[in-house]
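3D, please:
(4 chains)
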Amino acid sequence: MKFSELAANLDRMEGTNSRNELVRILADVYQASSAEELQPITYLIQGRLAPFFEPVEIGLGERLLISAVAVAYGVPKDEAARLNRQTGDLGITAQRLAPAAHRDTPAVAEVHRRLSEIAAAGGAGSQQKKLDVFTGLLADLDSVSAKHLVRITLGKMRLGIGDPTVLDALSFATKGDRSMRPILEAAYNRTSDLGLIARTLWDAGEPGLEALKVRAGHPLRPQLAERLPNPEAVIKKLGIVGVQPKYDGLRVQIHKDADRVSIFSRNLESMTEMFPELVVAASALGAQSLILDGEAIAYNPESEEYVPFQETTARRRKEGIQELAGRTPMRAFVFDVMFRDGSDLTQLPYERRFEIVEHLLAESDTLLTAPLMTTDSAEVLTRELLDNISKGLEGVVAKRLDSTYQAGARNFNWVKLKRNTSGQLTDTIDVVLLGYYRGKGKRAEFGAGAMLAGVYDSDQDEFVTIS
DNA sequence: TTTGCCTGCCC
DNA sequence: ATTCTGC
DNA sequence: GCAGAATGGGCAGGCAAA
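Residues are numbered from 1 along each chain as shown, chains lettered A, B, ... in the order given. This is a model prediction of the structure:
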């Protein structure tokens, strides 16, 4: 498929708000693709080159792309920047500046290959090389293709297409209805790779999808928590719940596969190199293979103090890890296990999975079990929430004790209660309007994006800004 | 060598 | 992460 | 309630300009 054909279909998608229509158009695209194109197309329509867990970054953001567009179409950079401010969309900006003439655009796979070449460039002079390849690509594209190429590169497609829409489209393309969606979705949640799902569906059909199992070393999509405003709402909605602290750290999915350990972030990026102390601790656990879910935070067990998020996040680095690991060692508070010794545990009830976590981590002083208490009383839950807040934690997470691990889902099986939304601790305060920020994009059309407010400090006789 | 813009990713 | 919008 | 887009604060690191 030519890139221009894909771009024309992306344009059709942009022109509709109907999800059904989006699914139909995308299904058409899949049906018109060859088997080899399924993966690159799947990534490109999501504004990516590879699945989340692959460390592929194009490294061209808005600023650099404005330069590239200006060079490609022979206009001054100022003018491209001005037009971009006016349109609010660099894709549209490129489309306006591009000559309308038809061109024989490269194949989709070729565009993917050249974007990958941009992503691979590094070291001195790499910025220029990225720009050169990109402007070369623009020179081969018609204006509509240029618009979508820019959006792909920025990762902002603005089409109304997310993972669920792609899954529906794959079902439509093969079955003519949504009947395959549950199987596709489950396979996606196990593998976190939409391109692989598309390819497998074509090559091996439903049995192929079923054969994509949870594997240690391959991240699954983490389960997420919904939010409720107060403890009463939680008890009313869930009844009896398991309650755990909500740590203000980094979500970690810890994989152990024999002697290999890997750690993934909430968005499935690898964090293995950042936390050697967690890797050592996971290696020492008494299981051949494991997938654990938890929150990593720099924590001092002697003083029982959790360090603020900004210090924990400073551990998210490549350099100087050993020194920082000595000064602010990480712990992980583990609350779930999804896989052990070759068995998928996601279908066990939470209560049972938590027992396994406790058993697995009994000996570890680095991988700690997130303590669990059970209640069906709003008063007890309130006390637990306030207790945890007073310890410097972010709040609590309440869980249905009989729920399975639903990878990728955000639903009321897990509910977070946070300090600023607890209802009991918030109150109104008097503030003085000190100024405003213009803001960006849509909000700026209003004239102001955000307000700067202050409270009166009577000691200093001045207004102190708050946030 | 230092500084600062830019990007990507965490929440 | 939160907030808003359309369905 | 779901799905998707658009927004914010703050960190590290890569790179090029100073």
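
from here on, just use CA atoms for contacts and neighbour counts.
Will do.

now do the contacts for A:Arg199.
A:Ala35, A:Leu38, A:Gln39 (CA atoms under 8 Å, 6 or more residues apart in numbering).

can you pull the contacts of the last one?
With contacts defined as CA under 8 Å, 6+ apart, A:Gln39 is in contact with A:Leu194, A:Gly195, A:Leu196, A:Ala198, A:Arg199.

count of neighbours near the fourth one?
The number of residues packed around A:Ala198, counting by other CA atoms under 10 Å, is 26.

repeat that for the first one.
Counted by other CA under 10 Å, the residues lying close to A:Leu194 total 25.

point me to the helix or strand that includes the closest residue to it other than its chain neighbours.
The shortest distance from A:Leu194 to any non-neighbouring residue, by CA to CA, 6 or more residues apart in numbering, is to A:Tyr188 (6.2 Å). For A:Tyr188, the element it lies in under DSSP states H and E is helix A:181-191.

contact partners for the residue nearest to A:Glu210 when sequence neighbours are not counted?
Nearest non-adjacent residue to A:Glu210, counting by CA to CA, 6+ apart: A:Ala187, 6.9 Å away. When the contact criterion is CA under 8 Å, 6+ apart, the partners of A:Ala187 are A:Ile197, A:Leu209, A:Glu210, A:Leu212, A:Lys213.

which of the contacts of A:Arg199 sits closest to A:Ser4?
Distance to A:Ser4 across the contacts of A:Arg199 (CA to CA) is lowest for A:Leu38, with 16.1 Å.

before we move on, back to that, ok, the contacts of A:Arg199 vs A:Ile291, which is closest?
Of the contacts of A:Arg199, the one sitting nearest to A:Ile291 (CA to CA) turns out to be A:Gln39, at 26.7 Å.

and what about that closest one, helix, strand or coil?
helix (DSSP: H, G, I helix; E, B strand; the rest coil).

for A:Gly208, see how far away it is.
Look at A:Gln39 and A:Gly208: by CA to CA, to the nearest Å, they are 16 Å apart.

what do you get for A:Val279?
33 Å.

about what we covered before: how close does the residue nearest to A:Leu194 get to DNA strand D?
13 Å (CA to the nearest atom of the strand, to the nearest Å).

next one: A:Glu79
From A:Glu79 to DNA strand D the distance is 19 Å (CA to the nearest atom of the strand).

what's the answer for A:Gln95, then?
16 Å.

and A:Glu351, by the same measure?
22 Å.

part of a strand, is that residue?
No - membership of A:Glu351 in a strand is not supported by three-state DSSP, which gives helix.

which ones are touching the residue lying closest to it once chain neighbours are set aside?
In space, and not counting its chain neighbours, A:Glu351 is closest to A:Leu401: 5.1 Å by CA to CA, 6+ apart. Contacts for A:Leu401 (CA under 8 Å, 6+ apart) come out as A:Ile240, A:Val241, A:Gly242, A:Pro349, A:Tyr350, A:Glu351.

for A:Leu401, give me the backbone phi and psi.
Per-residue torsions, A:Leu401: phi -70, psi -20 (degrees, to the nearest 10).

I'd like the contacts of A:Leu401 as JSON lines, with neighbour count and pLDDT appended.
Shown next, in JSON lines, are those (neighbours: other CA atoms under 10 Å; pLDDT from 0 to 100):
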{"residue": "A:Ile240", "neighbour count": "18", "pLDDT": "97"}
{"residue": "A:Val241", "neighbour count": "24", "pLDDT": "97"}
{"residue": "A:Gly242", "neighbour count": "20", "pLDDT": "98"}
{"residue": "A:Pro349", "neighbour count": "15", "pLDDT": "97"}
{"residue": "A:Tyr350", "neighbour count": "23", "pLDDT": "98"}
{"residue": "A:Glu351", "neighbour count": "18", "pLDDT": "98"}
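
ok so, going back, gap between the residue nearest to A:Glu351 and A:Pro106?
54 Å.

how about the residues of the stretch 51-200 of chain A by DNA strand D?
A:121-128, A:156-166 (CA under 7 Å from any atom of the strand).

which residues touch A:Gly136?
A:Gly136 touches A:Ala72, counting by CA under 8 Å, 6+ apart.

try the one 4 residues further on
Applying CA under 8 Å, 6+ apart, one finds that A:Asp140 lies in contact with A:Arg103, A:Asp104, A:Thr105, A:Pro106.

which two of those have the greatest separation?
A:Arg103 and A:Pro106 (9.2 Å).

which residues do those two both contact?
Contacts common to A:Arg103 and A:Pro106, judged by CA under 8 Å, 6+ apart, are A:Asp140, A:Leu141.

near DNA strand B, which residues of the stretch 251-400 of chain A show up?
Counting by CA under 7 Å from any atom of the strand, the stretch 251-400 of chain A sits next to DNA strand B at A:Arg251, A:Ser265, A:Arg266, A:Asn267, A:Leu268, A:Glu269.

and the last one, what's its pLDDT?
The per-residue pLDDT reported for A:Glu269 equals 97.

out of everything not next to it in sequence, what's closest to A:Lys77?
Using CA to CA, 6+ apart, the nearest residue to A:Lys77 is A:Ala70, at 5.3 Å.

count the neighbours of that neighbour for me.
A:Ala70, neighbours per other CA under 10 Å, totals 22.

now do the SS call for it.
helix.

contact partners for it?
A:Pro76, A:Lys77, A:Glu79, A:Ala80.

cool, thanks, talk later.
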